[in-house]
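Asker: Attaching a predicted model along with its sequence, questions to come.
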Amino acid sequence: MRDFKPPSGPGDLPALSENARIVLQSRYLAKDSDGECVETPAEMFNRVASTAAEAEARYGAGRGDIAAMQRRFYSIMSSLEFLPNSPALINASRPGGMLSACFVLPVEDSIEAIFEAVKSTALIQKAGGGTGFSFDRLRPSGDSVASNGGTTPGPVSFWRVFSETTDAIQQGVFRRGANMGMLSVEHPDILKFLFAKQDIKVFTSFNVSVKIPDAWMKTLASGGDVPHVVRNPRTGKKYMLPRNLDVGGYTIKDLAELTGGSQPPKSRRFYCVRDIWKMIVRCAHATGEPGIAFIDRINRDNPTPSLGEIEATNPCGEQPLLPYEACTLGSINLARFVGREGEIEWDRLGQVVHLGVRFLDDMVDACTYPIRNSVQLAQANRKIGLGVMGFADCLFLMGIPYDSEQGVEYGRTLMGFVDKAARQASAKLADARGPFPNWSQSTWRIERNMKVRNAAITCVAPTGTISIIADCSSGIEPLYSPVFIRRILGGRKLMCISSVFKEVMRGRGLYDSKLERRILAKGSIRDIKTIPSGIRRVFRCAYDIAPRWHVRMQAAFQENCDAAVSKTINFRESATASAVDKAFMLAYDLGCKGITAYRRGSRPDEPMSLC
């Protein structure tokens, strides 16, 4: 598809779409006391570039070097080749100065610790960051509290406190409060956790995932007909779940304790492993919640296991973090690197990867972290998350269908290149600035014998808003539709039209407002016979693509990624729970670190729609 030519602006000023300008003016550009914008997009990019470049002074850079680096950082942002996460664009060189998007906070089993985590959540989200939590350590509902002789309400009740905190502070901030709540499948309150968010009107600021270990998946693969065993994190005692439980109101006292070293008896009186799996699948089929986190797979890539196990991720799942870790993300717009001959300009892509890694490493130093513990761990591990966006557009420009062997292989090749170049860039920074402080006890030294500046370097984020600014497809997702409606903060609707599709069709004299309306009515071009079959085959959209191709693409990118991959596995409205089951199993078999399914129409308010 060589008919598309990216727009170019006057000089080095950013050439932005109308939707990009709307989003920037509503959420990113500095405003005066009357709410009027007092900053241009070019000034915003220069402000962010300056913040990153000034961090180079601590490594001996003089004023001339800093100015030169500022120009380079400005260039890759204003050209829309690379953009950092939203907090960096908004907060750089402004009061607060919080630049990281991703945090994980510990939730320990005491009232003091729980509400300290609530306070930290408020501070992070006020500054624009997202938070992830594991509720595994909280004792189950009905368990005793020695200090007052009472019993605890359990993780779901405290989860509600975190949710309401987010709801209370998100009015007046520039982005929706976002959280990830995780619970082990082996926690006694797992049934409550699974069904709590089936009411889609509650916990609206949370994504939720069930953490499943490999041993549990192996039991499932062997038939899963043994009783599902849960464990009280306070006492270590094990229990089985009777089938006659009141899912919303049971307590630990309603469970059947396993005494001593006894093996769980096979009995239809208790839920078996397969039953729990089916519940997870049915819930995901019904509402898109919960997702699954394959926690052992995540921890096999934990670069600093001596500091503890990873228990949770950021809100969209692409960045597994230790308690109190933080991470700044940035994404490269792959569509900007497709040359006139329909091939990736590899040298130029490599240069931007190197510059992106340097930018993000500088941002670790430039960031003002809202909580003290995150300052220490963020700078000791220096995790960054360099990823990609515009992948679907990239495939369009190259004439490659997303749901094809060639498409999956190209995804694997692209991410392999980005990951290798990013590691080279981090190693180069380590030579100049030293490896991250915890390097000596990390897998980078012990297993790989490689000095790097950052404990984790690559991940694939969803890039929801920054992809609007860059006028490209989100993350590695297929296009939702060539024409669709996107809802942004405040309920405003944006008409989104794929610039690549529009220019390709215009080049053939086939684009007009009537075609826009037809696509908006259908959500796809697959059945519009006036469009040539070759174009219809290439411009495949999210719900044209079978779920197995979604999973295979996620797995292909995961092969060459330090952290994880944010990806939604889309299902048509008519999809069965069995189809979700197969996708979840395929994700595990292919080595994905987690999976999220979404069946079209399973929620009334979708961020992307056709009306």
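Answerer: That came through, no problem. Numbering: from 1, shown residues only.
Asker: Please point out which parts of the longest helix along the chain sit buried.
Answerer: In the chain, taking DSSP state H as the definition, the longest helix is helix 405-433. Buried residues in helix 405-433, counted by 16 or more other Cβ atoms under 10 Å: 407-408, 410-412, 414-415, 417-419, 421-423, 425-430, 433. Quick note: C-beta positions are derived from backbone N, CA and C, even for glycine.
Asker: and what of stretch 14-31?
Answerer: 14, 16-17, 19-20, 23-24, 27-29.
Asker: is it true that R445 touches W439?
Answerer: Yes. Using Cβ atoms under 8 Å, R445 makes contact with W439 at a distance of 5.7 Å.
Asker: And these two? Which one has more around it.
Answerer: For R445 versus W439, neighbours defined as other Cβ atoms under 10 Å are more numerous around W439 (24 against 16).
Asker: Run a quick check on that one versus V452, I expect a contact.
Answerer: Yes. Between W439 and V452 a contact is recorded at 7.3 Å, counting by Cβ under 8 Å.
Asker: Find the residues that touch each one of those two.
Answerer: By Cβ atoms under 8 Å, 6 or more residues apart in numbering, W439 and V452 have these common neighbours: A430.
Asker: Please name the nearest non-neighbouring residue to Y324.
Answerer: N373 (4.1 Å; Cβ to Cβ, 6 or more residues apart in numbering).
Asker: Okay, and the one you found sits in which element?
Answerer: Following DSSP states H and E, one finds N373 within helix 372-381.
Asker: Does anything pack onto that helix? Which helices or strands?
Answerer: For helix 372-381, the elements it packs on are strand 326-333, helix 346-366, judged by 3 or more Cβ pairs under 8 Å, 6 or more residues apart in numbering; DSSP states H and E.
Asker: Quick check: pLDDT value at the residue nearest to the spatial centre of the chain.
Answerer: With distances taken as Cα atoms, centre = their mean, C316 lies nearest the centre of the chain, 3.0 Å away. pLDDT for C316: 96.
Asker: now swap in D544 and tell me
Answerer: On the pLDDT scale, D544 is placed at 96.
Asker: So it belongs to a strand, correct?
Answerer: No. Read with DSSP: H, G, I helix; E, B strand; the rest coil, D544 is coil and lies in no strand.
Asker: what are the ranges of the strands in the stretch 101-250 of the chain?
Answerer: Along the stretch 101-250 of the chain, the stretches classed as strands by DSSP state E, counting those that start in this stretch are 102-105, 130-134, 144-145, 150-151, 179-184, 206-212, 229-231, 238-240.
Asker: would you list those in TSV and tack on distance to P478?
Answerer: Below are the strands of the stretch 101-250 of the chain laid out as TSV (distance: least, Cβ to Cβ, whole Å):
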stretch	distance to P478
strand 102-105	24
strand 130-134	24
strand 144-145	49
strand 150-151	48
strand 179-184	24
strand 206-212	20
strand 229-231	38
strand 238-240	43
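Asker: what's the distance between the nearest residue to G350 once chain neighbours are set aside and R448?
Answerer: Closest residue to G350 apart from its sequence neighbours, by Cβ to Cβ, 6+ apart: A421 at 4.7 Å. From A421 across to R448, the span is 17 Å (Cβ to Cβ, to the nearest Å).
Asker: got it, and M98?
Answerer: According to Cβ to Cβ, M98 and R448 sit 32 Å apart.
Asker: Have a look at those two and say which one is more surrounded.
Answerer: More neighbours surround M98 than the other of M98 and R448, with 25 against 12 (other Cβ under 10 Å).
Asker: tell me, how many neighbours does the nearest residue to that one once chain neighbours are set aside end up with?
Answerer: Take M98 and drop its neighbours on the chain: the residue closest to it by Cβ to Cβ, 6+ apart is A127, 3.7 Å away. The number of residues packed near A127 is 22, by other Cβ under 10 Å.
Asker: Break this protein into its domains for me.
Answerer: Per the record, the chain has its domains at 1-47+76-100+324-611, 102-225+277-300, by automatic domain parsing.
Asker: Could you export those as TSV, including distance to M240?
Answerer: Output for those, formatted as TSV (distance: least, Cβ to Cβ, whole Å):
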stretch	distance to M240
domain 1-47+76-100+324-611	23
domain 102-225+277-300	10
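Asker: So which of these is nearest R243?
Answerer: When the domains of the chain are compared by Cβ to Cβ, domain 102-225+277-300 sits nearest R243, at 10.8 Å.
Asker: so where's the stretch 151-300 of the chain uncertain?
Answerer: By pLDDT under 70, the weakly predicted segments of the stretch 151-300 of the chain are 171-175.
Asker: Quick one: the helices in it, in order.
Answerer: Along the stretch 151-300 of the chain, the segments classed as helices by DSSP state H, counting those that start in this stretch run 155-169, 190-196, 214-221, 273-287, 295-300.
Asker: tell me the most buried of the ones you listed?
Answerer: Across the helices of the stretch 151-300 of the chain, averaging neighbours per residue (mean count of other Cβ atoms under 10 Å) puts helix 190-196 on top, at a mean of 22.
Asker: Show me what that helix is packed against.
Answerer: helix 155-169, strand 179-184, strand 206-212, helix 273-287.
Asker: right, and the ones you listed - which one's nearest G248?
Answerer: Among those, helix 155-169 sits nearest to G248 (Cβ to Cβ), with 9.2 Å.
Asker: Give me the number of neighbouring residues for the closest residue in space to A575 that isn't next to it in sequence.
Answerer: Distances taken as Cβ to Cβ, 6+ apart place R599 nearest to A575, at 5.4 Å, with adjacent residues excluded. Neighbour count for R599, taken as other Cβ under 10 Å: 24.
Asker: go on, P188?
Answerer: Neighbours around P188, by other Cβ under 10 Å: 27.
Asker: do the same with G288
Answerer: Each residue near G288 was counted by other Cβ under 10 Å, and the total is 23.
Asker: What values do phi and psi take at it?
Answerer: The phi and psi values for G288, taken as degrees, to the nearest 10, are phi 80, psi 0.
Asker: quick one: contacts for it?
Answerer: G288 touches 596-599, 602-603, counting by Cβ under 8 Å, 6+ apart.
Asker: before we move on, what about L89?
Answerer: Neighbouring residues of L89 by Cβ under 8 Å, 6+ apart: 28, 44, 48, 83, 466.
Asker: just Y239 next, same as before
Answerer: Shown in contact with Y239 (Cβ under 8 Å, 6+ apart): 188, 229-232, 252, 255-258.
Asker: For the residues you listed, which single residue is the most surrounded?
Answerer: That'd be P188 among the contacts of Y239, by other Cβ under 10 Å, with 27 neighbours.
Asker: What separation do you get for the closest residue to it other than its chain neighbours and F158?
Answerer: In this structure, P188 finds its nearest non-sequential neighbour in P140, 3.8 Å apart by Cβ to Cβ, 6+ apart. As for P140, its distance to F158 is 12 Å (criterion: Cβ to Cβ).
Asker: What of L322?
Answerer: Distance from L322 to F158, by Cβ to Cβ: 21 Å.
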